[in-house]
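Student: Give me a 3D structure for the following:
(one chain, ligands or ions: 2)
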Amino acid sequence: MSSPVSLIPLTDTEECAERLLEAAETLGFVYITLEGSNIPPEKVERMFEISKRVFASPKEEKAKCHISPDNKGWSSMHTEILDPEHQRRGDFKDNSWANRAFNFGEFKDGKAQQPLPPALQDHELELNEFSDYCYNLCLKLLRLFGMALKIDEAEGGKDWFTSRHSRSEGPSGSTLRLLFYPSLGAHPDFDPKLDTQAGAHSDYGSYLQAPVLTLNPSITLLFQRPSEPGLEILHPHLKTWHPVPVIPNAILVNIGDLLSYWTAGLLLSTVHRVVSPDYGTEGPKDRYSMAFFCHPAHPTLLTPVPSELIKSRGGRGANDAERTLTSLDHLKSRLSSTYGWKSEQA
Ligand SMILES: O=C(O)CCC(=O)C(=O)O
Ligand SMILES: [Fe+2]
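Tutor: Ligands and ions are numbered 1, 2, ... in the order given. Purely as a prediction, here's the structure:
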């Protein structure tokens, strides 16, 4: 199957920067090679092993780390859909995420700032290390975007975005998320053609469509395994759904709503979802994936990006000087939606 998403070898060159920008402007999604990312392949594999262990651990242990209003911890939405007594097809249609997730906020001095279940307690250092790898890769990508956007040197040039994502500027909403989509194939009402495992959303998205606690990142990294596909994107121009085949030894990068807003819509935040693919004779399969959502430091003012390319887009998004928000303002607007959603469920 051909991929709508191109694969770009990751290097520190202008050519790579230009290609990344072109992909971000046309599709909002791009694969980059793991080589050049500074993330050793065995570290990715190891995280998948840890992820498997945590999702397989007793529910009562995970429940003690239930997702907090600031988006840290374990969430298991609509678990009842796997309970034959209470299943209704509507539960996994359109609006529902049938996945489980474990979110880690920022670590401090190698320590998680949230309760961890016993299955994770021996892995705190590895989780911290992996989240650092992801953060550093995001800085590298943000530097390349700064380069391609030809940000005014006097204003910070290619480091304009990275300085605003620096941990020295304060805490941020950056989150490492482990995801597990148990196979729904065994359910009598489940129709892979109609039922999605993860509702359509952009990374922020419409909360009503996708009640998942994804906040409002500038960029997202997604790690997937070749035998466990399922992601689809809504093509921004064709408005049709396209499966995104998994490319081995590559990381999927997508632009989040915050960066799209910041760049006055030049970079696209594309709607995506996870479906249960038709595995043919192989039968249904579980899917594990891992995402890292990179956010600017909370106090960052989302002022217009000093780039001619962005200025020429007029008063859209952050170019609209009437509405200078901080990164935290964006996050808060998202969190209030979270509370709204929770109270509706109660
Ligand atoms: O699991 C996936 O492939 C997608 C996850 C995702 O889009 C998200 O968590 O925002
Ligand atoms: Fe997403």
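
Student: Helix, strand, or coil at L125?
Tutor: Put simply, L125 is helix when judged by DSSP: H, G, I helix; E, B strand; the rest coil.

Student: looking at it, it is touching G110, isn't it?
Tutor: Yes - counting by CB atoms under 8 Å, G110 is a contact partner of L125 at 5.9 Å. C-beta here means a position set from N, CA and C on the backbone, and glycine is covered the same way.

Student: For S131, grab phi and psi.
Tutor: As for S131, its main-chain torsions (degrees, to the nearest 10) stand at phi -70, psi -30.

Student: Tell me where the stretch 51-200 of the chain has helices.
Tutor: Taking DSSP state H, counting those that start in this stretch, the helices of the stretch 51-200 of the chain run over residues 59-63, 118-121, 124-148, 160-164.

Student: Mind putting those helices into CSV with mean neighbour count and distance to ligand 1?
Tutor: Shown next, in CSV, are those (neighbours: other CB atoms under 10 Å; distance: least, CB to the nearest ligand atom, whole Å):
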stretch, mean neighbour count, distance to ligand 1
helix 59-63, 13, 18
helix 118-121, 16, 19
helix 124-148, 20, 14
helix 160-164, 20, 21
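
Student: R46 is nearest to which of these?
Tutor: Of all the helices of the stretch 51-200 of the chain, helix 124-148 sits nearest to R46, with 6.6 Å by CB to CB.

Student: How far away from the center of its chain is the closest one?
Tutor: Centroid separation for helix 124-148 versus its chain: 13 Å, with CA atoms, centre = their mean, to the nearest Å.

Student: now the strands for this structure?
Tutor: Here the chain has its strands, by DSSP state E, at 7-8, 29-33, 73-76, 100-104, 107-108, 111-112, 175-181, 196-201, 219-223, 231-234, 241-243, 250-255, 272-275, 287-294.

Student: Which of these comes out lowest on mean pLDDT?
Tutor: Ranked on mean pLDDT, the bottom entry among those is strand 196-201, at a mean of 64.

Student: And S37, how far from ligand 1?
Tutor: Between S37 and ligand 1 the computed distance is 18 Å (CB to the nearest ligand atom, to the nearest Å).

Student: My read is that that residue contacts V253, right?
Tutor: No - S37 is beyond contact range of V253, at 10.0 Å (criterion: CB under 8 Å).

Student: Which one of those two is surrounded by more residues?
Tutor: More crowded of S37 and V253, by other CB atoms under 10 Å: V253, with 25 against 21.

Student: With adjacent residues omitted, what lies nearest to that one?
Tutor: Closest residue to V253 apart from its sequence neighbours, by CB to CB, 6 or more residues apart in numbering: V30 at 5.3 Å.
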